[in-house]
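Q: Fold the following for me, if possible:
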Amino acid sequence: MRTGLTVLKNTGVLLLGRGIAIALGVVYIAALSRYVQASGMGIIATATSFVAMLSLLLNFGLNDVTIRDISADRSRVSAYLPNLFFLRGVFVGIFFVLVLLFSWLIDYPPTTITVILIYGFVFILDELTLICFSVFSAYEKMEYSAALQTGRDILNMLLSMAAIALHASLFVIVSISVFASFVKLILGLVILKWKFVLPKFRIDLAITRSLFLSTLPFAAMLFVSVVAKEVDVFVLSLFRPEEEVGWYSSAALLVNYLLLVPGIFLQAIFPVFSKFHATSPDELKRVYSISFKYLLLLGCALSFGTFITAGQVIDLVFGAGFEQAATVLMILSPLLFWIFGYANGSYLNATGGQGISTRFAVISVILTVGLSLTLTPRFGLVGAALTRIIPGAILFIPLTLICHKRLSILIPYMLILKSILAASIMAGCVLWALCSEWHLLLAVFVVSPLTYGLALFALGVVGRPDVDLFFQMFNRKKLKVPNEHLIR
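A: Below you'll find the model as predicted:
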């Protein structure tokens, strides 16, 4: 079976592109934070959080519906596209009105409102481009999405770095994002027409209505997901000064960069889940187990490593004036541990389990909003950080149990325990290296992967089948790995 190879190949393609963008992004953020200081970072974080919550009206679950339906039947693509753009155009009008209305009602400072409006245009362009990306994902051609997103990020960062060097205003720096997103949209449409389908600009109200109704479960789930993710910064901006928002958002930004990795994995795995749900239940179990395993291994390494190196990372990336962000980064590090739960949501959404996902997501957002309004005014950025991790700590275990029960597979408790032990060994070695005054980058990129890999191998978590699976990403040989070697 080529299932594992397909998943890893698509993930590898996306990771290669996003890895470059993330590396450049860290350099860019380091320069930007030193230029605009914590208060400027707070303004940017407030604007992006505010716009992200309202951008739910732009997405409305259309991307997930598009991937699900077209991956199951690619003949739908030409009929879907004009109706998708029509629906999103309607949502754009509503979105822009609400951005203006709520900006005025909340009474943000003029500078913050201007940045909010600029980011509003960025989100509009990006959501239009995501229609193209959804088609690419449905066809399992993620390389186009990776190339466009990476190109957009590189263009944005290079132009922004030039603007910083020229001592441009914050408005100019933020406006560059609009230009970069516009270029991405145009190129996405060109690739869509060139490689996939020539859209027929014919609106079918029956299809539009069907798409709209199909999005409702996804939209509800997306709503609670985005609110749960963004409400921490939004509430913090209501009660605390811009500088404190900047400290919190800087630490959260690093965590969000790391969370791009499982997000990329799920972009690759979602159409595979959808396809095998209809054709091969056994292969669906296999793909889920592979996803769970590698996300668990990744999450343990990222979580333990982030906790140990938080202070040094904040100092290296943001410099003086951001010391308080280290505490936030340590508190947020558990978010990286339970990224294996990402496979649960992707599996449920692809296999008709949106109702379960939605119920859990609603509980999560209720907890998040309640905790945010309770803890943030009293404890500031520490309260905001706790708000973000407590719901996940409560809910990821029962959701994992439900998914394993639906698939009739056992939870790999020994795999989890061994992975935690290996990550603990890695963290101890990294801590020793830092205490011995080794450079942070040497500890992170040499000591960490070597010790973690050796620990996983010694504990029997990874072996020859995993190595074969990795190397076959780079050739066309048929993957032959027994299930028992992949599902532990």
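Q: got the buried residues for the helix or strand encompassing M157?
A: Under the criterion of DSSP states H and E, M157 resides in helix 142-165. Of all the residues in helix 142-165, those buried under the rule 16 or more other CB atoms under 10 Å are 142, 144-157, 159-161, 163-164. No exception for glycine: its C-beta is placed from N, CA and C like everyone else's.
Q: can you pull the contacts of V365?
A: Residues near V365 by CB atoms under 8 Å, 6 or more residues apart in numbering: F223, V224, S225, V227, A228, V231.
Q: ok, 7 Å please
A: By CB atoms under 7 Å, 6 or more residues apart in numbering, the contact list for V365 reads V224, V227, A228.
Q: tell me how far the helix or strand harbouring T112 is from the chain's mean position?
A: Per DSSP H and E: T112 is located in helix 110-138. The chain centroid and the centroid of helix 110-138 are separated by 15 Å, computed with CA atoms, centre = their mean, to the nearest Å.
Q: Pull out the buried positions in it.
A: Using 16+ other CB under 10 Å as the test for burial, helix 110-138 gives 111-138.
Q: Let me know the outermost residue of the protein.
A: Largest separation from the mean C-alpha position in the chain: S436, at 34.5 Å (CA atoms, centre = their mean).
Q: Now it, what are its backbone angles?
A: Main-chain dihedrals, S436, degrees, to the nearest 10: phi -90, psi 10.
Q: Check G380 too.
A: Torsion angles at G380 (phi, psi; degrees, to the nearest 10) stand at phi 70, psi -130.
Q: just checking, it touches R240?
A: Yes - with contact defined as CB atoms under 7 Å, G380 reaches R240; the gap is 5.5 Å.
Q: For the helix holding M157, C-alpha coordinates in CSV please.
A: Presented in CSV, the C-alpha positions along helix 142-165 are these (Å, rounded to 0.1, in the frame of the first residue of the first chain):
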residue,chain,number,x,y,z
MET,A,142,-0.4,20.4,-2.4
GLU,A,143,2.8,21.5,-4.1
TYR,A,144,1.0,24.4,-5.8
SER,A,145,-0.4,25.6,-2.5
ALA,A,146,3.0,25.3,-0.9
ALA,A,147,4.7,27.2,-3.7
LEU,A,148,2.2,30.0,-3.7
GLN,A,149,2.0,30.4,0.1
THR,A,150,5.8,30.3,0.4
GLY,A,151,6.3,32.7,-2.4
ARG,A,152,3.7,35.1,-0.9
ASP,A,153,5.4,34.9,2.5
ILE,A,154,8.9,35.5,1.1
LEU,A,155,7.7,38.4,-1.0
ASN,A,156,5.9,39.9,2.0
MET,A,157,8.9,39.5,4.3
LEU,A,158,11.5,40.8,1.9
LEU,A,159,9.5,43.9,1.1
SER,A,160,8.7,44.4,4.8
MET,A,161,12.4,44.1,5.7
ALA,A,162,13.2,46.7,3.1
ALA,A,163,10.5,49.0,4.5
ILE,A,164,12.0,48.5,8.0
ALA,A,165,15.5,49.4,6.6
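Q: Tell me which helix or strand comes right after that helix.
A: Next helix or strand after helix 142-165 toward the C-terminus (DSSP H and E): helix 170-191.
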